[in-house]
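>>> Sequence below, structure please.
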Amino acid sequence: MADITPLFQAFVAPAIFISAAALLVLSLNVRLMGMVTRLRQFLHDKHLAATAGRLQEAEALADQIASIEGRAEKIRKAFLFTLLCLIGAIATCLLLGLGLYWAHAQVLAVFVFVVAILALLIGTIFYIAEVVVALSSVHDEAKYFHLIDLSARARSEEKTAAGEPESWHRPG
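The predicted structure is shown next:
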C-alpha cells in the first residue's frame, strides 16, 4: 500500500453524493408522510360523507384522493431512485477501497458511480414533477369546496368527539 492519498481523494465525490442523497431521502420521506396522512384523512372523510348520503362531497373527496395518490406515486418513485443512488454511492466507495487490491474494481466503481448519478437524476426529475403539480390539490379543494356540506361534517365530528360509535375503524 504505497500512498493512499489518491484513494481518499477518490472517496470525496461519492461521499458527497451519499450526504446529498441522504438529505434528499429525508426530504422525500417527510413529503410522502404528509401525503399519506392527508390521504388517510380524506379517506375517512369520504367514508363519513358516503355513509351520511352526501354523495357530491364523497365524489369531490374521491377526486382529491386520486390527485394526492398520483402525487404520492411520483414521490415514491423519487424516493426509490434516490435510494438507488445512495446504494450506488456506498458501493462506489467500497469498490474504490477494493481497487487498492484489485485493479478492475476501480473500473467497476466508475460504472457504478455513473449509474448512481443517473438514478439520482431520475429521482430528482420525479421530485420536480411532483413539485410542479403540488398546488393542484389545493386548487382542487377550492374548486370543490362549495360541494362540501360543512354543517353535516360538523355534526359527524361532534358525534365522533362525543364518543358515539362509528362504522369506520382505524387499523391497528
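
>>> isn't residue 79 right up against residue 35?
No. In this structure, residue 79 is not within contact of residue 35 by Cβ atoms under 8 Å, at 11.3 Å. No exception for glycine: its C-beta is placed from N, CA and C like everyone else's.

>>> Can you read off the backbone torsions of residue 134?
phi -60, psi -40 (degrees, to the nearest 10).

>>> and what of residue 53?
Dihedral angles (degrees, to the nearest 10) for residue 53: phi 80, psi 10.

>>> Going forward, the N-terminal residue is numbered 4.
Okay, residue one is now 4; in that scheme the one you just asked about reads as residue 56.

>>> give the contact list for it.
Taking Cβ atoms under 8 Å, 6 or more residues apart in numbering, we find residue 56 in contact with no residue.

>>> immediately after the helix of greatest length in the chain, which helix or strand?
Ranked by number of residues, the top helix in the chain under DSSP state H is helix 8-54. Per DSSP states H and E, the first helix or strand lying C-terminal to helix 8-54 is helix 58-101.

>>> how far off helix 8-54 does the helix or strand following that next one point, in degrees?
Using DSSP H and E, the next helix or strand after helix 58-101 towards the C-terminus is helix 106-135. Going by axes from the mean of the first three to the mean of the last three Cα atoms, to 10 degrees, helix 106-135 is angled at 30 degrees with respect to helix 8-54.

>>> Give the buried residues for helix 106-135.
Residues of helix 106-135 classed as buried: 108, 111-112, 115-116, 119-120, 122-123, 125-126, 129-130, 133 (neighbour count, 16 or more other Cβ atoms under 10 Å).

>>> cool, stretch 63-71 as well?
Neighbour-count burial for stretch 63-71 [16+ other Cβ under 10 Å]: 63-64, 67-68, 70-71.

>>> now it: mean pLDDT?
Throughout stretch 63-71, pLDDT has a mean value of 89.

>>> what distance separates that stretch from the middle of the whole chain?
18 Å (Cα atoms, centre = their mean, to the nearest Å).
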